[in-house]
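Visitor: what follows is a predicted structure for the sequence shown.
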Amino acid sequence: MTRDDIIKMAREAKLPYEYDTERVLHLKELERFAALVAAAEREKVAAWMMERGYATGHGDTIEDLLKELDWQIREQEREACAMVAEQWPYEDERMFSIAQAIRSRGEQ
């Protein structure tokens, strides 16, 4: 969240401002408050991920955590698809090569 984002939200929330300069009052305190809110949300996302067995990586932002979560979900889905191909009821060597191809997509 940028300083401009915080100012825009402060204006939308109709927080007090200087009438002659239109500068939002107590901007430093407001920026600190926004940082605390963002950190709390980041912790909430990280806790949700850890409760469900996802690694949180080393991201500093919620976007970083969500990218990590997205990657881990894709990996789990890819592995589930490969396992379906391996367990196909027909004794067909092609199904094993399909499973290998599915897994190798995660290595690209």
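Guide: Right, received. Where do you want to start? Keep in mind that this is a model prediction, so the values were computed, not measured.
Visitor: name the nearest residue to the residue nearest in space to the middle of the chain, sequence neighbours excluded.
Guide: Centroid-nearest residue in the chain, with C-alpha atoms, centre = their mean: Leu66, separated by 1.1 Å. Using C-beta to C-beta, 6 or more residues apart in numbering and skipping residues adjacent in sequence, the residue nearest Leu66 is Val45, 7.1 Å away. Where you see a C-beta, it was placed from the backbone N, CA and C, and this is true even at glycine.
Visitor: one step back: before we move on, what's the pLDDT of the residue nearest to the centre of the chain?
Guide: At Leu66, the model reports a pLDDT of 86.
Visitor: cool, His58 as well?
Guide: For His58, the model assigns a pLDDT of 66.
Visitor: Asp92 too?
Guide: pLDDT, Asp92: 65.
Visitor: just checking, what packs against the helix or strand that contains Asp5?
Guide: Assigned by DSSP states H and E, Asp5 belongs to helix 3-12. When contacts are defined as 3 or more C-beta pairs under 8 Å, 6 or more residues apart in numbering; DSSP states H and E, helix 3-12 packs onto helix 27-51.
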